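Asks: Dropping the sequence and predicted coords here.
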Amino acid sequence: MSVVCYFSTVSSNKEIKKNQQKIQMILDSKKISYEVVDISSDESGKNKMRELAGDPKALPPQICNGDQYCGNYEQFEEAVEMEEIEKFLKL
């Protein structure tokens with residue numbers, strides 16, 4: 001299984017863009033490989049993200065490990081602060 005980040009490349013929401021960039025920066029700095037699914041160009045990706053998150057209105061960024069839901073940006077940030085990112089990502 002691999003870490004999958006559900007992002008949107010065309011979001012006009014600056015907070016979402018900033019959060020997505022921070023996730024990528026942290027994963028890159030920790031050398032954790034991940035796949036990005038752009039929900040803005042893939043309707044099935046958006047549907048899968050919302051299904052995995054268990055929220056029909058979930059917004060990006062959302063993080064999964066394969067088909068296991070890990071959490072949203074706030075949960076990711078908390079895991080980073082608590083130095084539990086591997087546990088959060090189910091690695």
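Replies: Yep, it's here. Numbering: from 1, shown residues only.
Asks: switch to C-alpha atoms for all contacts and neighbour counts from now on
Replies: OK.
Asks: can you give me the helices in the protein?
Replies: Secondary structure of the chain (DSSP state H): helices at 14-29, 43-53, 73-81, 85-88.
Asks: got those helices as TSV, with distance to C5 columns?
Replies: Formatted as TSV, the helices of the chain follow (distance: least, C-alpha to C-alpha, whole Å):
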stretch	distance to C5
helix 14-29	9
helix 43-53	9
helix 73-81	10
helix 85-88	13
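Asks: so who does S2 touch?
Replies: 33-35, 65-66 (C-alpha atoms under 8 Å, 6 or more residues apart in numbering).
Asks: try it again with 7 Å
Replies: The contact partners of S2, taken as C-alpha atoms under 7 Å, 6 or more residues apart in numbering, are 34, 65-66.
Asks: One more: Y69?
Replies: Contacts of Y69 by C-alpha under 7 Å, 6+ apart are 52-53, 63.
Asks: any idea how far it lies from F76?
Replies: To F76, Y69 is 12 Å away according to C-alpha to C-alpha, to the nearest Å.
Asks: for L59, same thing?
Replies: As judged by C-alpha to C-alpha, L59 and F76 stand 14 Å apart.
Asks: Of those two, which one has the most company?
Replies: F76 (21 against 17; other C-alpha atoms under 10 Å).
Asks: Show the pLDDT at D42.
Replies: If you check D42, the pLDDT there is 81.
Asks: Then the one 3 residues further on?
Replies: pLDDT, G45: 92.
Asks: Identify the residues contacting it.
Replies: G45 is in contact with 37, 39, counting by C-alpha under 7 Å, 6+ apart.
Asks: Go again with 6 Å.
Replies: Contacts for G45 were tallied using C-alpha atoms under 6 Å, 6 or more residues apart in numbering; they are I39.
Asks: Repeat that for the one 5 residues further on.
Replies: Taking C-alpha under 6 Å, 6+ apart as the definition of contact, the neighbours of R50 are 56, 58.
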